[in-house]
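> my questions are about this predicted structure, shown below with the sequence.
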Amino acid sequence: MKTFWLALLMVSSCSSWKQKDFEKDLQKDSKSVPVITQEQAPIMEKFEVTEIDKTEKTSTAKQKKIISVNKKAVPAKKLIEKIPSVEVKKNPANYPSEMLATNEKAKKVWDSYKPNHHINEKIFLDIHYLGMTVGKIMVTNKGKKMIDDKEVWHFHARFKSAPFYSNIYELDDTVDTYVSTDNFLSMKYTVIQRESKVAIDDIQLFDQDAHKVYWLYHSKRLSDGKKKNKKEEKFIPYYSIDPFSILFLYQGLPLKTGDVYEIPVVNKGKVLMMRSRVEARETIETESGPRKAIRLQATTKYTGDQLKSGDITFWYSDDGKRSLLKAKAKISLGSVTADIVKE
């Protein structure tokens, strides 16, 4: 599965891209939709994404503006402050013991998290390799949606290689992830890859009540039409997140210099541990000039077939917005970077 940082590697073989209106190209709706087999359809229904009924929400908000307690009118805000935080669901009887240990570590991270997300926030990044701009990324917060009667954040990303390179190898990948707004846990994660040689649909569905993930996979090799379908069901830590949403989780963490976060990341139904350390605060150069930034070093420990152990460095703006300014991943021949060009 190609995650945000793997996208840095995906386009490393492309040539430079001088297209001035790439922003407009990235913002076009992708016409690709995931291929769902008859066997996969039932589980997908539970995780159908719907829009929030704004009319009903507004009406409910008006009704709850003043809440009566002990015959005294108390502002709703005061009552909300006293509501305890969301508790972990009861573990299944056959829940693996190693997941319990992982939960204990991860709980400390989620306990320090505070929502810090901005609807319609959008950033554009250039991907650089060997001194060339080899591709483009758009990352955006599309606001709130509903899944299974739960409110979720919708985060979206689009990766594209240079237009002229399509004659050699075309890459147009889309990532959509949905994270619960109350406790910031992944609920649905889809990667749609439309490339010259292959079409891949990679979906993870997170059942928070059962502490499980359902991994659905479909690929089609375009040269001969050969197809491959997979469906797996596995236990995961209650406190865990998909590979893309972790970028937004960082926005809500304290990120004090010296802080270390152990974060379980679910990829292809498997769990990897990402150890993230806040290394320093520094000033970096960006397209719009110098920016104060927080440097974060993330190290993964995993033995999967695509996401190998390695280091990734992130730079977030050292302000209340916490925008992603830069990312750098080491590869066998040098490194690949993504640099913000517009927000």
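All right, it came through fine. Predicted, not measured: the structure shown is a model, and the values here were computed from it. Numbering: from 1, shown residues only.

> looking at residue 55 now. What's its pLDDT?
Here, the pLDDT recorded for residue 55 equals 44.

> what segments of this protein are helices?
Assigned by DSSP state H, the helices in the chain fall at 4-10, 22-27, 41-46, 54-63, 76-82, 97-111, 246-249.

> any idea which of those helices scores lowest on pLDDT?
helix 76-82 (a mean of 36).

> for residue 283, see how far away residue 295 is.
11 Å (C-beta to C-beta, to the nearest Å). For the C-beta atoms, the positions are set from N, CA and C on the backbone; glycine is no exception.

> now swap in residue 257 and tell me
14 Å.

> repeat that for residue 161.
Using C-beta to C-beta, we find residue 161 at a distance of 31 Å from residue 283.

> which of the two has more neighbours?
Using other C-beta atoms under 10 Å as the criterion, residue 161 and residue 283 rank with residue 161 on top: 25 against 10.

> quick check: bridge partners of the more buried one?
Counting by DSSP bridges, residue 161 forms beta bridges with residue 135.

> quick check, pLDDT for it.
On pLDDT, residue 161 comes in at 73.

> that one contacts residue 171, correct?
Yes. At 4.0 Å, residue 161 counts as touching residue 171 under the criterion of C-beta atoms under 8 Å.

> pretty sure residue 287 contacts residue 342?
Yes. The pair residue 287 / residue 342 is scored as a contact, 7.3 Å apart, by C-beta under 8 Å.

> any idea how far residue 159 is from residue 153?
20 Å.

> between those two, which one's more packed in?
Counted by other C-beta under 10 Å, residue 153 and residue 159 do not tie: residue 159 has more neighbours, with 26 against 21.

> for the more buried one, give its distance to residue 266.
Taking C-beta to C-beta, one finds residue 159 at 20 Å from residue 266.

> what do you get for residue 240?
Taking C-beta to C-beta as the measure, residue 240 falls 5 Å from residue 266.

> not counting residues beside it along the chain, what's closest to residue 283?
Closest residue to residue 283 apart from its sequence neighbours, by C-beta to C-beta, 6 or more residues apart in numbering: residue 290 at 5.1 Å.

> who does the one you found form a beta bridge with?
Bridge pairing for residue 290 - DSSP bridges - gives residue 285.

> so how far is residue 284 from it?
In terms of C-beta to C-beta, residue 290 sits 7 Å off from residue 284.

> which one's more surrounded, these two?
With neighbours defined as other C-beta under 10 Å, residue 290 and residue 284 compare such that residue 284 has more, 15 against 9.

> can you tell me the closest non-neighbouring residue to that one?
Excluding its sequence neighbours, the residue lying closest to residue 284 (C-beta to C-beta, 6+ apart) is residue 293, at 4.9 Å.

> find residues that contact each of residue 240 and residue 266.
The contact sets of residue 240 and residue 266 overlap at 186, 206 (C-beta atoms under 8 Å, 6 or more residues apart in numbering).

> so which of those two has more stuff around it?
Taking other C-beta under 10 Å, residue 240 and residue 266 do not tie; residue 240 has more neighbours (24 against 21).

> and the closest residue in space to that one that isn't next to it in sequence, what pLDDT?
Closest residue to residue 240 apart from its sequence neighbours, by C-beta to C-beta, 6+ apart: residue 264 at 4.1 Å. Turning to residue 264, the model gives it a pLDDT of 94.

> what's the burial count for residue 264?
Counted with other C-beta under 10 Å, residue 264 comes out at 21.

> who does it bridge with?
Residues in beta-bridge contact with residue 264 (DSSP bridges): residue 273.

> cool, residue 198 as well?
Residues in beta-bridge contact with residue 198 (DSSP bridges): residue 221.

> please apply the same query to residue 189.
Going by DSSP bridges, residue 189 forms beta bridges with residue 177, residue 204.

> flag the shaky bits of this structure, pLDDT-wise.
Low-confidence regions of the chain, defined by pLDDT under 70, span residues 1-41, 54-89, 162-170, 301-310.

> contacting residues for residue 332?
Applying C-beta under 8 Å, 6+ apart, no residues contact residue 332.

> any idea how far it is from residue 104?
Residue 332 sits 36 Å away from residue 104, going by C-beta to C-beta.

> check residue 319 too.
For residue 319, the distance to residue 104 - C-beta to C-beta - is 32 Å.

> what of residue 282?
33 Å.

> repeat that for residue 189.
Distance, residue 189 to residue 104, by C-beta to C-beta: 24 Å.

> what about the two, which has more around it?
Taking other C-beta under 10 Å, residue 189 and residue 104 do not tie; residue 189 has more neighbours (27 against 12).

> tell me who's in contact with the more buried one.
175, 176, 177, 178, 203, 204, 206, 242, 243, 244, 245.

> next one: residue 206
Counting by C-beta under 8 Å, 6+ apart, residue 206 has contacts 185, 186, 187, 188, 189, 212, 213, 236, 240, 242, 266.

> do the same with residue 237
Residue 237 touches 99, 102, 103, 106, 211, 264, 271, counting by C-beta under 8 Å, 6+ apart.

> related to what we said a few turns ago, residue 315 is in contact with the residue nearest to residue 284, correct?
Yes. Look at residue 293 against residue 315 with C-beta under 8 Å: they come within range, at 4.3 Å.

> thanks again, I'm all set now.
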